[in-house]
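Colleague: Let me see the structure of the following:
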Amino acid sequence: MKPTLLILLLGASAALAQAPAQTSAPAAPQAAQSNAPAQQTKQAPQIAFSNRVEEFNGPTMSEVYCSGLINKQALKPSGVVLAGYRAPEQTAYYNGAYIYLSGDGVELGKEYELLRHTQDPNRYQSFPGQLAMLANLGETYEDLGRAKVLYKEKNVGVAEIEFSCSATIPGDIAVPFQDRPRPEFRHTTFDQFGTPSGKLNGRIVMGKDLDTEIGTRRIVYLNIGEQQGVKVGDYFRIWRDYTQIADNPAEALPYYAPPADDTQKNPQKFDFKKQSKDLPRRFVGELIVLRITSGTATALTTYAPEDVHVGDGVEFEESTPIVKVAPAVAAAEPPTISCSATRTTIQAGETSNITCDAEAEEGHNVDVKFQATSGQLAPRENRAVFTGTAAGPATITATAVDDRNLSAQTSLSIDVQAAPAPPAPAAPAPEAAPSPSMLNELTFKPNSAYVNNRSKAALDDDALRLQRDANASLTLEGSANPAENEALAGQRAENAKTYLTRSKGIDPSRIQTSTASTKTGAKVDVVLVPAGAKQ
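Modeller: Numbers count the residues shown, from 1 in each chain. Take a look at the predicted model:
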């Protein structure tokens, strides 16, 4: 970004040298009461999707666990990423993907942080001495996410990515996962032209992703840390003086364009280049510390009324807790429940799967109980299998009861019809070759391969079909939306197969998976293949 900026500023300075300068009076300095970061003169922080259900006034989980760090010594990895489940076609792996970790420190069942040991291939300096300062501070690491080892054979572990910041690729490293403190936002007082406090000072030495101009809610790295008394949750004001601008080759270019106008009788004689130190410094933003090492800190900008630059100074700032007002206690709400049946009309002896969605207020558990006016019920958690035993309507009642003994109830009807009389014997006809038939369609959320409860209920019915017909088999054809990764189609089919084999005990050899030739939606088609049928 900086080389482009240099070219643009060269052109701008040339134009300023030929045209009269137009200036506007700066706004009068004002002190504003901060709400860190929400305050009257600041925009309220945008709440990340993953935090919308939380009552927490602070950095999001992604900001805390995707922040990266600078460490004095190189980290010793427990394992290194060799490849992934779909190698060699796929080289980048995200949330839900399986990767292979090699290393003596890889242990079954353990969680690991995925990191990338990074460098700046361009070796560009945002301020004089930046590269030397970074080399003295240590090694830089980018957070990629978190993975858990599910299987291990010899020295290679199979890990599932549980949380993803960005793509994991071969060569990235894994270190044991550790919980990180998550500070809450606090009150501060921001004054654009406040006087220096004389408290701890440091410098922004780098931005995440090598950014050089930084806005609000962005990650930066400081050259002060635990040895200087920095703690997680500390606030710092970001300051800049005009000598920093004068020392920057790109930002100093406007100094060479004379500010005088031809109509001025007494043009200004103030030499900005030589006398920049006489101008007051100004505060350009605030930040909160998320993570510390012995000599560095990872921080999040909470307020930036203008661009923050790599090389800007930081100064410790006093902050006070935000007083939380206790919410009014609302009346206890009973749970809610809704149920559906895979078949509402069956013949005597046939079955229908009942699935219920029951929810209680946050922090409370709920159980589901079933009753039927006729027939037989086989309940299991929030599901039940109903078998019709006699012709006539049957009413199934489901009751949700939470741990406060509050309850809700719903019911549905299933029409049980008498089994038809066997047809009169007819002359045997040549048997036609059986053919595959579609059983059902499993649907998935966008960008997800997770088999939800509704799909599991359908797969339960499919498992019963296979148990009744020991010679039949299933074909699971996965598909994806046009905007989704093609690998999701195969993963969805594999996850459905895993549920049938692990949870229902179906022989894996009786289930084939495939990927649709065209993207027809986030789904898996379940096809029954009778014995002797052509697939």
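
Colleague: Bridged to Glu315, which residues?
Modeller: Residues in a beta bridge with Glu315, per DSSP bridges, are Asn201, Arg237.

Colleague: Contacts only, for it.
Modeller: Neighbour list for Glu315: 196-197, 199-201, 236-237, 239 [criterion: C-beta atoms under 8 Å, 6 or more residues apart in numbering]. C-betas here are computed from N, CA, C, even on glycine.

Colleague: Put the buried members of these into a PyMOL selection.
Modeller: Here is the PyMOL command that picks out the buried ones among the contacts of Glu315, judged by 16 or more other C-beta atoms under 10 Å:
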select buried, resi 236+237+239
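
Colleague: And the helices in the stretch 351-500 of the chain?
Modeller: Secondary structure of the stretch 351-500 of the chain (DSSP state H, counting those that start in this stretch): helices located at 453-468, 487-498.

Colleague: Tell me the helix or strand right after the last one.
Modeller: What that stands for is helix 487-498. strand 511-515 (DSSP states H and E).

Colleague: now that following strand, how far from the chain's geometric center?
Modeller: Relative to the centre of its chain, strand 511-515 is centred 29 Å away, using C-alpha atoms, centre = their mean, to the nearest Å.

Colleague: could you give me the average pLDDT of that strand?
Modeller: In this model, strand 511-515 has an average pLDDT of 90.

Colleague: Quick one: residues in contact with that strand.
Modeller: Taking contacts as C-beta under 8 Å, 6+ apart, the residues outside strand 511-515 that touch it are 473-479, 486, 489-490, 493-494, 496-497, 500-501, 529, 535.

Colleague: in the next helix or strand after it, what's buried?
Modeller: Toward the C-terminal end, the helix or strand that comes next after strand 511-515 (DSSP H and E) is strand 523-529. Of all the residues in strand 523-529, those buried under the rule 16+ other C-beta under 10 Å are 523-529.

Colleague: Averaged pLDDT, strand 523-529. What do you get?
Modeller: Taken as a whole, strand 523-529 has an average pLDDT of 89.

Colleague: partners of that strand in the sheet?
Modeller: strand 437-443 (antiparallel), strand 473-478 (antiparallel).

Colleague: And the contacts of the longest one?
Modeller: For strand 437-443, contacts defined as C-beta under 8 Å, 6+ apart pick out 451, 454-455, 458-459, 461-462, 465, 474, 492, 496, 521-528, 530.

Colleague: Mind giving me the PyMOL command for buried ones among those residues?
Modeller: Here is the PyMOL command that picks out the buried ones among the contacts of strand 437-443, judged by 16+ other C-beta under 10 Å:
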select buried, resi 451+455+458+459+461+462+474+492+496+521+522+523+524+525+526+527+528
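
Colleague: re earlier: deepest of the strands paired with strand 523-529, which one?
Modeller: Of these, the one with the most neighbours on average (mean count of other C-beta atoms under 10 Å) is strand 473-478, at a mean of 22.

Colleague: That strand to helix 453-468, inter-axis angle?
Modeller: Strand 473-478 and helix 453-468 meet at an angle of 160 degrees, taking axes from the mean of the first three to the mean of the last three C-alpha atoms, to 10 degrees as the criterion.

Colleague: List the contacts of strand 473-478.
Modeller: The contact list for strand 473-478, computed with C-beta under 8 Å, 6+ apart, reads 436, 439, 462, 466, 488-494, 496-497, 500, 510-516, 523-529, 535.

Colleague: Mind checking what helix or strand follows the helix or strand containing Val80 in sequence?
Modeller: Applying DSSP H and E as the criterion places Val80 in strand 79-84. Counting by DSSP H and E, the element after strand 79-84 in chain order, helix or strand, is strand 98-102.

Colleague: Redo the helices of the stretch 351-500 of the chain as CSV? Include distance to Ser352 and mean pLDDT.
Modeller: Compiled in CSV, these are given as follows (distance: least, C-beta to C-beta, whole Å; pLDDT from 0 to 100):
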stretch, distance to Ser352, mean pLDDT
helix 453-468, 9, 88
helix 487-498, 21, 90
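
Colleague: could I get those helices as CSV with distance to Asp261?
Modeller: As requested, the helices of the stretch 351-500 of the chain are exported to CSV (distance: least, C-beta to C-beta, whole Å):
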stretch, distance to Asp261
helix 453-468, 74
helix 487-498, 63
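
Colleague: still on that earlier bit, quick one: closest of the strands paired with strand 523-529 to Val205.
Modeller: Nearest to Val205 among the strands paired with strand 523-529 is strand 473-478; the distance by C-beta to C-beta comes to 47.1 Å.

Colleague: relative to strand 511-515, how tilted is that closest one?
Modeller: Interaxial angle of strand 473-478 relative to strand 511-515 (the same axes, to 10 degrees): 20 degrees.

Colleague: what's across from Ala394 in the sheet?
Modeller: Beta bridges link Ala394 to Ile414 when assigned by DSSP bridges.

Colleague: Hmm, Ser413 and it touching each other?
Modeller: Yes - counting by C-beta atoms under 8 Å, Ala394 touches Ser413, with 6.9 Å between them.

Colleague: Which one's more surrounded, the two?
Modeller: Ala394 (23 against 13; other C-beta atoms under 10 Å).

Colleague: my read: Val401 touches Ala360, true?
Modeller: No - taking contacts as C-beta under 8 Å, Val401 lies outside contact range of Ala360: 9.2 Å.

Colleague: can you list residues touching both of these two?
Modeller: Counting by C-beta under 8 Å, 6+ apart, the residues touching both Val401 and Ala360 are 335, 366.

Colleague: Same question for the lengthiest strand in the chain: list its buried residues.
Modeller: Longest strand in the chain by number of residues, with DSSP state E as the criterion: strand 139-153. For strand 139-153, the neighbour count (16+ other C-beta under 10 Å) marks 139-149, 152 as buried.

Colleague: Now do that strand against strand 98-102: the angle between them, please.
Modeller: Interaxial angle of strand 139-153 relative to strand 98-102 (the same axes, to 10 degrees): 100 degrees.

Colleague: CA-only coordinates of strand 139-153 in PDB, if you can.
Modeller: Taking Å, rounded to 0.1, in the frame of the first residue of the first chain, the C-alpha atoms of strand 139-153 are listed here in PDB:
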ATOM      1  CA  GLU A 139       8.900 -13.600  16.000                       C
ATOM      2  CA  THR A 140       5.400 -12.900  14.600                       C
ATOM      3  CA  TYR A 141       2.600 -15.400  14.600                       C
ATOM      4  CA  GLU A 142      -0.900 -15.300  13.000                       C
ATOM      5  CA  ASP A 143      -3.800 -17.100  14.700                       C
ATOM      6  CA  LEU A 144      -5.500 -19.500  12.300                       C
ATOM      7  CA  GLY A 145      -8.000 -21.300  14.700                       C
ATOM      8  CA  ARG A 146      -8.400 -24.300  17.000                       C
ATOM      9  CA  ALA A 147      -8.400 -28.000  16.200                       C
ATOM     10  CA  LYS A 148      -9.000 -31.200  18.300                       C
ATOM     11  CA  VAL A 149      -7.200 -34.500  17.700                       C
ATOM     12  CA  LEU A 150      -9.900 -37.300  17.100                       C
ATOM     13  CA  TYR A 151      -7.600 -40.100  15.900                       C
ATOM     14  CA  LYS A 152      -3.900 -40.900  16.000                       C
ATOM     15  CA  GLU A 153      -1.800 -43.500  14.300                       C
END
